[in-house]
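Participant: Following is a predicted model, sequence given first.
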Amino acid sequence: MNPNFGEEIGRQVNSHFQKMFDTVFRRHAGKSVPDVKDALKREFKRGGADITDPELTKIATAISEGTRIRVRAA
């Protein structure tokens, strides 16, 4: 077994979410928070992931205001 398996999975997950946030940012930056939230919900559902409404609102607000989301390692 790869001793760096956990780190590699973490990098792949981070990369996936970064691509997702970048896509939503490119398409929806500057749009209303509800529009951005809807786009994020679709992307999270497509990826089989869940997010709480407060987290979703925080991210959607940032994207709506033109702030790019950057995924960092936990």
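Facilitator: Nice, thanks for sending it over. Everything numeric in this text was worked out from a predicted model, so none of it was measured. Residues are numbered from 1 along each chain as shown.

Participant: in what helix or strand does the spatially most central residue of the chain lie?
Facilitator: With distances taken as CA atoms, centre = their mean, Phe21 lies nearest the centre of the chain, 4.0 Å away. Element membership for Phe21, per DSSP states H and E: helix 5-28.

Participant: Which secondary structure elements does that helix sit against?
Facilitator: Here helix 5-28 touches helix 33-46, helix 53-64, going by 3 or more CB pairs under 8 Å, 6 or more residues apart in numbering; DSSP states H and E. Every C-beta, even on glycine, is put in place using the N, C-alpha and C of the backbone.

Participant: burial of the residue lying closest to the residue nearest to the centre of the chain once chain neighbours are set aside, as a residue count?
Facilitator: Among residues not flanking Phe21 along the chain, Ile69 sits closest, at 4.1 Å (CB to CB, 6 or more residues apart in numbering). Ile69: 17 surrounding residues under other CB atoms under 10 Å.

Participant: again, but for Ile63
Facilitator: By other CB under 10 Å, neighbour count at Ile63 equals 26.

Participant: Spatially, what comes nearest to it if we skip its sequence neighbours?
Facilitator: That would be Val36: by CB to CB, 6+ apart, it lies 4.9 Å from Ile63.

Participant: isn't the one you found right next to Glu65, touching?
Facilitator: No. Counting by CB atoms under 8 Å, Val36 stays clear of Glu65, with 9.7 Å between them.

Participant: Comparing these two, which residue is more hemmed in?
Facilitator: Val36 (25 against 11).

Participant: Next up, the contacts around the residue nearest to Phe21.
Facilitator: Residues near Ile69 by CB atoms under 8 Å, 6 or more residues apart in numbering: Phe21, Phe25, Ile59, Ala62, Ile63.
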